[in-house]
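Trainee: build me a model:
(chains A, B, C and D)
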Number of protein chains: 2
Amino acid sequence: MPEDLRQDDYELLARIAHRYYVDGRTQEEIAAEFALSRPKVQRLLERARWSGVVDIRIQAPPWLHLDLETQLRDAFRLSDAIVSPSRTDPQSQREAVARSAAGYLERRLHDGAVVAVSHGRDTGEVPRFFRPERRIDCTFVSAMGGSPRVDAPTNPNEICRTLAEHCGGRAESLYAPAYVESVEMRDRLLEQEAVAHTLRLAARASVALVGIGGTDDGCTMVRSGCLSLEEIARLRAAGAVGDVLGNYVDAGGTLISAPHSSRLVALSIEDLRRIDTVVAVVSETEKPQAILGILRAGVVDVLIVDEGNARTVLELARESVPPRAAGAAAHPAARGR
Amino acid sequence: MPEDLRQDDYELLARIAHRYYVDGRTQEEIAAEFALSRPKVQRLLERARWSGVVDIRIQAPPWLHLDLETQLRDAFRLSDAIVSPSRTDPQSQREAVARSAAGYLERRLHDGAVVAVSHGRDTGEVPRFFRPERRIDCTFVSAMGGSPRVDAPTNPNEICRTLAEHCGGRAESLYAPAYVESVEMRDRLLEQEAVAHTLRLAARASVALVGIGGTDDGCTMVRSGCLSLEEIARLRAAGAVGDVLGNYVDAGGTLISAPHSSRLVALSIEDLRRIDTVVAVVSETEKPQAILGILRAGVVDVLIVDEGNARTVLELARESVPPRAAGAAAHPAARGR
DNA sequence: TCCATCGCTGAGCAAATGATCGGAGCCACG
DNA sequence: CGTGGCTCCGATCATTTGCTCAGCGATGGA
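Mentor: Down below sits the predicted model:
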């Protein structure tokens, strides 16, 4: 395979790589054996890896898509990405993603952690699978108001309550609607200590668990009655592709300021940016454009997504030139031991 | 392949291995990511390697037999083994092995080195290929007397002279026959300062370049007139399978003391043992039994051999139980980076 | 129920590794 | 033939890694 190497080089690289990787010698021993300096051996090993003389393969279970995860991390500068296996049925797809998210939280959360939580159908599935082995003394706090017109399990307060229940932690509810009827009303609401306190706590969270919403007529925001069909259409016209916590962005990831945003009771994009680990949970039901937009906004640190969306998002990212080059070019494996 | 792992374990191992080997994260970063201690990550990586989740393969050129070399090293506690590709023609086979030996010497020898040299057809081919890029100020010294009845290029003195010529070093000849006619004669010879000095120098060599001889009627010792057909037959009857420098051993590697040995003018097995690196060069023309015997004697540090003999020797070693267990069992790859 | 044993865990340390940097040799060009 | 730029080399240092060891909790037997 590595045909551009001279025969001698090829032989030397193979010999040294074999001695190192198969026989388990140290670089120093090999250096002595071949009458080379230790750094030279290290460079040769690097070259052997790079040129394909050393072939490191991970026998991953077929249901894992580690390569997709790596591409997502690299393309969007995520600290982590988890791709869950494809399911045909939307509901079991959502469950698969939620299971991954729950597992992630179980690993990530420790005593004293504060977790800001959004609404959403995907997010709403997470509590069912969140079953830490031992008690975690952490706090779940609503990062967004509620809405009476959807099922309880997709409201942030309810999600917080169940998460807390399953790990022995506490839940702090936000006693406010997601959208109020006027700017004045929102300002009055924010003056209420109960509301202000909860939002302050959410803003200081170390972890946020959020869903990503779309902008079609059947999106959660519309179904929950938070936004009218007219409003969502106006957002679409303004270029909106998706939202986190009611904050809409366009395809390039830029925040869209629309009239409705001043009636929103939730953390802002800036609040989210200050949170250490923002975990976004998305399954097939959301449009890839929405995911791409939010990822480009740069607020998400950890993406938990299904295989189908992962592929499509990466595809879209490659097609449309990103506003600020975040090259998706594969860089050669950095390490080889 | 790794089917004895539980599904969760398998997934975790694959994830961690991917992060480490493909993405190039450090163990510490991975530990933080998965909420594990660093040593734990290191153990998991070890397990991943061991269980086959991580598969490290060396794309060696087809003419190299690195696996055979490793088996030889392990089975006979050699510090190095070089297997040269098979040739059908005995002469080109000898040349291939000699080329490897010459390359080895070029790497191994430095200014000030003293090399003790034996006779033999295989050894005799080495000088032709010994062409160091720069001058090496070393000394080649005969470790054995000569014999007038064979071609000059297989006599130690001549081999030394040519090796020295090709690297700009010095040669010290042994002015004595390999075998003399009586014990008394030998003792008288060893009293000669010219002879004694050369043998003392050879005994202090840091490297020895030796051939391995057989015990059939056509072996070098017989052809050169050093031993009669009767003598070699007596040696065979005593269990001898091969020799280095006229010192014969049986299949178990034990030295055979026969009448002729007191008429030998050469380094002894004990002298060889004291030499840091004893390099044995053998090609197809020698019997594998001879090689096996000599290897079991434990004097050889580096074996340079053709593929056919390498396989046969390993096969024989597995069949017959060695006197002192030198297990040929493959131990799992020690390293994985 | 108590105690011995086993295996697992993570702190700490020594070895091994990867990376930087000045210097030497080499080539192309002036 | 001199010179500038280039690459390659190995001394050296910071980081990473492998490993040991004492302590802990689980397990099982008395």
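
Trainee: nearest to DNA strand D: which residue in the stretch 101-250 of chain A?
Mentor: Using C-beta to the nearest atom of the strand, the closest approach of the stretch 101-250 of chain A to DNA strand D is made by A:Arg134 at 9.8 Å. The C-beta positions use only the backbone N, C-alpha and C, and glycine is treated the same way.

Trainee: which SS class is that residue?
Mentor: coil (DSSP: H, G, I helix; E, B strand; the rest coil).

Trainee: tell me, how many residues neighbour it?
Mentor: Neighbour count for A:Arg134, taken as other C-beta atoms under 10 Å in any protein chain shown: 7.

Trainee: how far away is it from A:Cys167?
Mentor: A:Arg134 sits 9 Å away from A:Cys167, going by C-beta to C-beta, to the nearest Å.

Trainee: CA atoms only: put stretch A:114-131 into CSV for me.
Mentor: Output of stretch A:114-131 as CSV, limited to C-alpha atoms (Å, rounded to 0.1, in the frame of the first residue of the first chain):
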residue,chain,number,x,y,z
VAL,A,114,-26.6,22.5,38.7
VAL,A,115,-28.3,21.5,35.5
ALA,A,116,-30.4,23.9,33.4
VAL,A,117,-33.1,22.0,31.5
SER,A,118,-35.1,23.0,28.4
HIS,A,119,-38.4,21.6,27.2
GLY,A,120,-39.0,19.4,24.2
ARG,A,121,-40.0,15.9,23.2
ASP,A,122,-36.5,14.6,22.9
THR,A,123,-35.4,16.1,26.2
GLY,A,124,-38.6,14.8,27.7
GLU,A,125,-37.6,11.2,27.0
VAL,A,126,-34.3,11.5,28.9
PRO,A,127,-35.7,11.1,32.5
ARG,A,128,-37.1,7.7,31.7
PHE,A,129,-33.6,6.3,31.1
PHE,A,130,-31.7,8.4,33.7
ARG,A,131,-31.1,5.9,36.5
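
Trainee: what mean pLDDT does that stretch get?
Mentor: Across stretch A:114-131, pLDDT averages out at 94.

Trainee: buried stuff in that stretch?
Mentor: A:114-127, A:129-130 (16 or more other C-beta atoms under 10 Å in any protein chain shown).

Trainee: equivalent analysis for stretch A:36-47, please.
Mentor: Buried, per 16+ other C-beta under 10 Å, within stretch A:36-47: A:Leu36, A:Val41, A:Leu44, A:Leu45, A:Arg47.

Trainee: dump the residues you listed to a markdown table, plus secondary structure.
Mentor: Shown next, in a markdown table, are those (three-state DSSP):
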| residue | secondary structure |
| --- | --- |
| A:Leu36 | coil |
| A:Val41 | helix |
| A:Leu44 | helix |
| A:Leu45 | helix |
| A:Arg47 | helix |
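
Trainee: tell me the one of those residues nearest DNA strand C?
Mentor: Distances from DNA strand C to the buried residues of stretch A:36-47, taken by C-beta to the nearest atom of the strand, are shortest for A:Leu45, at 5.9 Å.

Trainee: tell me the contacts of the residue nearest to the closest one when sequence neighbours are not counted?
Mentor: In this structure, A:Leu45 finds its nearest non-sequential neighbour in A:Tyr20, 5.9 Å apart by C-beta to C-beta, 6 or more residues apart in numbering or on different chains. Contacts for A:Tyr20 (C-beta atoms under 8 Å, 6 or more residues apart in numbering or on different chains) come out as A:Gln27, A:Ile30, A:Val41, A:Leu45, B:Arg335.
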